[in-house]
Structure formats: C-alpha cells, structure tokens
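# my questions are about this predicted structure, shown below with the sequence.
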Amino acid sequence: MNTSAPSADVVICTRDRQDDLRACLRSIEVQRPLPTRVILVAGSDDSCPQEILDQFPTLCIRVVECFEHNISRSRNAGLDCAQAQVVLFIDDDARARQGWVQAYLDAFDQHPQAWAIGGDVFDSRHIPPTPEFIRGLVSPLGKQIPVRSNAPHKEPRNYFANVKGCNFGVRRQAVMGIGGFDPFFAFAFDESDLILRIHRNGAQVAYAHGAIVDHAHTPGHYRFADPLDRDWRVEYASHTMFMLKHASGANRIFGRLVVYRRLAKLTLAASWGVLCAQISLSRLIEILRSANQGIRDATRAMG
C-alpha cells in the first residue's frame, strides 16, 4: 500500500465525554500516516464543541449527529459519512498507540479477503494496562473468549475470530453491502453480530499486529462505574438476539442455556451485593426484572 497517500477514515462515536474525546484525538493526530478524515458521530449538541475541534488543525474532522442512544446507528452514521475504502473504529474513551493506523493499512494489504480486522485492547484502569482483548473469539451462542495466547493454536470448534468494538477496522463497501450494523443492538454484541454476518458471507476476519489501543472504560448511558450498575435489559436483549440470529436448530436450546447460565451468575453476584450491603434488595429485584425483560424483548422481536 502506498503509505504516502493514507486511505483510511477514522470513526469516533462520542457523547458528552469532552476530556476523553480530546485525549483520543491527541492519539490520532500523532499517527503516521494520518487518516484521510476523522468522523465524529456526536451523540448530543455538546459532544463536539468547536473549541475542541480547533485544537486539531492537522486532522480533517467531520461531525455528524446521531442523538439516539444506539451504538449501531451511530456507527452506521459514521460509515455513511466516510469515503475511504477502509474505516477504523475507536471509542472516545480509548487511546491509539503509535503505529495504529499504519498497522491497519498493512493488515488490510496483507489480507485482501478480509472484510474486518481487529487489534489488541488493553484496560488502562490498571497500571500497567492489562490485556482486555487479544485475538478474541465468539460463538453463535454468545460465548466469548476475549484473550488468547499469541502462540500457534487451533481454534475451538464453532468459535469464530472476533473484534472488540473500541478497536477494529472494516472495508466500507463490503460491510455496507450486508447492511452495516444492526440497529437492534443498541449496546453490546453490535460488532460481534456484524462479524458473524461477515463470516457467514464467506469473507475473512483478520488480526492487525501492532494495532493497539488503551481503553479507559468511562461510564456511559448503558455502562456505569459499578459492575452491577448497567442497563441489563439492553444487555440481555442484545445477547438473546445475537444467539437467536446466529444459532439454529438444536443449538438454540444450548443458546438459551448460555443466556440463562449468565443470568444465574448475575443473580449470584447481585445477591452477594445485597448481603454485603453494596446494593439494596429493590435494586436486586430491578436487575433481574430488567434482564428478563431484555430476554423477552429479543424473543418477541424475532417472532
């Protein structure tokens, strides 16, 4: 690939995280080559103030709006605005390490049949940052293996190469040709759903060595600081829909078991939280009610 003529756009979906966005953009402006353009998908009127945009004159920044709390619609808005053949996604609370753009350009050159390529993610809440996602896998049942060894290995049966939503790239025309991101997945399993549809279309999902980001896990609309403080309805709706879309026949029975096993673990964790006076009994009841509602919502949506 001719690296003197960058051919990748970067999409950052952002909502009311100005400090995070500024730090993310700083990590992009030091990349060589620079992306052709950086598309900010603003989740609110105040998400992308001009004062921040003016701090990055070397970046060709475009701002589009998607005020709905739906990561898939936001990513589709970014794809619609992009023009480069390759589109890289990074979250506003992630920081790209040096060589991030070049690693993806090299990887897409090396894997011409790949429609999506993922990189490594490290959790920056720890010092030093700890592995969060390295050559991860996902099964049609929604079971995930986020971190694997870099040593040669045989992939487990019925698992597929996956990517992490805060660090991956796609061939724009190819993924738009299969409908882009499914808006049912407002949060969680959004990228994994796209990845399994790519596999189903016979295309490759590859790995970009050296495409590394550090992920801060800033609280947001669906994910808060406490691990029990999430929107469990949306999370379980996403998991259930993912399983119903990608598992078939008897596998759906096993998929249901996977979902309810996960719910049982959540029940135990929340019950322990009540015993330790970390959450109230009413919060426990609300968590379980929300998770079950999500399962029912996805089941109804699939008809």
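Sure thing, it's come through.
# what residues does the longest helix seen in the chain touch?
Among the segments of the chain that qualify as a helix by DSSP state H, the longest is helix 251-275. Counting by CB atoms under 8 Å, 6 or more residues apart in numbering, helix 251-275 makes contact with 140-143, 227-228, 232, 236, 239-240, 243-244, 247, 279-281, 283-284, 287-288, 291-292, 295, all of which sit outside it. For every residue, glycine as well, the C-beta is placed using N, CA and C.
# biggest strand in this structure by residues?
Identified as the longest strand of the chain according to DSSP state E is strand 204-215.
# for it, list the C-alpha coordinates in PDB.
Written as PDB, here are the backbone C-alpha positions of strand 204-215 (Å, rounded to 0.1, in the frame of the first residue of the first chain):
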ATOM      1  CA  GLN A 204     -12.300 -13.300   6.400                       C
ATOM      2  CA  VAL A 205     -11.900 -11.600   9.700                       C
ATOM      3  CA  ALA A 206      -8.200 -11.000  10.400                       C
ATOM      4  CA  TYR A 207      -5.800  -9.600  13.000                       C
ATOM      5  CA  ALA A 208      -3.600  -6.500  12.800                       C
ATOM      6  CA  HIS A 209      -0.400  -7.000  14.700                       C
ATOM      7  CA  GLY A 210       0.600  -3.600  16.400                       C
ATOM      8  CA  ALA A 211      -2.900  -2.100  16.200                       C
ATOM      9  CA  ILE A 212      -3.200  -1.400  19.900                       C
ATOM     10  CA  VAL A 213      -5.500   0.800  22.000                       C
ATOM     11  CA  ASP A 214      -5.800   1.500  25.700                       C
ATOM     12  CA  HIS A 215      -9.400   1.500  26.900                       C
END
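# pLDDT weak spots in this protein?
Counting by pLDDT under 70, the chain contains low-confidence residues at 1-6, 150-154, 222-225.
# mind listing the strands for it?
In order along the chain, the chain carries the following strands (DSSP E): 8-14, 37-42, 61-65, 86-90, 94-96, 114-123, 130-133, 137-138, 144-145, 160-161, 167-171, 204-215.
# can you redo the ones you listed as TSV with distance to residue 302?
Compiled in TSV, those are given as follows (distance: least, CB to CB, whole Å):
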stretch	distance to residue 302
strand 8-14	26
strand 37-42	28
strand 61-65	30
strand 86-90	27
strand 94-96	32
strand 114-123	24
strand 130-133	28
strand 137-138	19
strand 144-145	21
strand 160-161	21
strand 167-171	25
strand 204-215	24
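# ok now the longest helix of the chain, how far from the chain's centre?
Distance of helix 251-275 from its chain centroid, counting by CA atoms, centre = their mean, to the nearest Å, is 22 Å.
# again, but for stretch 159-168
Mean C-alpha position of stretch 159-168 versus that of the full chain (CA atoms, centre = their mean) differs by 7 Å.
# which outside residues touch it?
71, 88-91, 93-94, 96, 116-121, 132-133, 135-139, 143-146, 155, 190-192, 195-196, 199, 205-207, 211-213, 215.
# buried subset of those residues as a ChimeraX selection?
With 16 or more other CB atoms under 10 Å as the criterion, this ChimeraX line picks the buried residues out of the contacts of stretch 159-168:
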select :71,88,89,90,91,93,94,96,116,117,118,119,120,121,132,133,135,136,137,138,139,143,190,191,192,195,196,199,205,206,207,211,212,213,215
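# any buried residues in stretch 275-289, and which?
Judged by neighbour count (16+ other CB under 10 Å), stretch 275-289 contains these buried residues: 279, 284, 287, 288.
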